[in-house]
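*Asks:* Sequence and predicted structure below; questions after.
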Amino acid sequence: MSKLKHVWIMLASLVPLTNLSSKAQAQFDPFISQPQMPPPINAPAMSIEQQMRDRIQHQRVTPAPNSISNPKLAAAYLKEGFEHYNRREYQKAVSAYNLALHYNSSYAVAYLGRAMALRKLGDKYNAFLDARRASHWSRQQGNMKVLNAAERFKRVIYR
């Protein structure tokens with residue numbers, strides 16, 4: 001017998017159960033599984049959200065992350081993006097920055113590089129959004145150089 005069952009038997013012997021019937025004793029035995037009763041007929045129906053939550057909890061499904069954390073790959077793709085930017089291959093630079101952000105979604109320098117490449121491609125709106133993201137993440141990480149550069153770049157975008 002397991003240790004837990006021995007402890008349970010010892011505790012049960014200390015409590016007198018003379019007034020309880022054998023059916024009541026079986027009801028309180030934790031080793032006998034009790035059948036689950038269906039909900040009453042007049043019970044309100046569960047919402048679809050509650051049904052989905054129950055299904056997810058039952059299946060123990062965990063959402064997949066949007067990015068994979070690998071700082072070495074992120075740095076390599078960032079370097080590749082800078083090289084493409086210096087050769088004026090802005091579309092390839094954006095692709096490299098996207099890969100850098102895939103491997104590190106809070107990489108402020110990659111957001112700033114992508115913002116610069118997007119501005120060169122003429123997409124000022126998304127360039128401004130990326131500059132804001134760069135500003136946000138550099139502020140979170142305490143990187144003042146990138147923060148100042150992102151703030152200056154945000155002012156320059158719509159000139």
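*Replies:* Arrived safely, thanks for sending.

*Asks:* Quick check: the gap between residue 84 and residue 105.
*Replies:* Per CB to CB, to the nearest Å, residue 84 is found 21 Å from residue 105. Every C-beta, even on glycine, is put in place using the N, C-alpha and C of the backbone.

*Asks:* Those two - which one has more neighbours?
*Replies:* Between residue 84 and residue 105, counted using other CB atoms under 10 Å, residue 84 has the larger neighbour count: 20 against 17.

*Asks:* burial measure for residue 125, as a count.
*Replies:* Residue 125 has 10 nearby residues by other CB under 10 Å.

*Asks:* After the helix or strand hosting it, heading C-terminal, what element do we hit next?
*Replies:* Secondary structure here is read from DSSP states H and E; on that basis residue 125 sits in helix 124-141. In the C-terminal direction, the helix or strand that comes right after helix 124-141 (DSSP H and E) is helix 144-157.

*Asks:* Could you list the residues in contact with that next one?
*Replies:* Helix 144-157 has contacts (CB atoms under 8 Å, 6 or more residues apart in numbering) with 108-109, 111-112, 115-116, 119, 124, 127-128, 131-132, 134-135, 138-139.

*Asks:* repeat that for 6 Å
*Replies:* Residues from elsewhere that reach helix 144-157, judged by CB atoms under 6 Å, 6 or more residues apart in numbering: 108-109, 112, 119, 124, 127-128, 131, 134-135, 138-139.

*Asks:* What distance do you get for residue 157 to residue 142?
*Replies:* When residue 157 is compared with residue 142 (using CB to CB), they lie 24 Å apart.

*Asks:* Between these two, which has more neighbouring residues?
*Replies:* Using other CB under 10 Å as the criterion, residue 157 and residue 142 rank with residue 157 on top: 16 against 8.

*Asks:* Could you pull up the mean pLDDT of the helix holding residue 125?
*Replies:* The pLDDT scores in helix 124-141 average 93.
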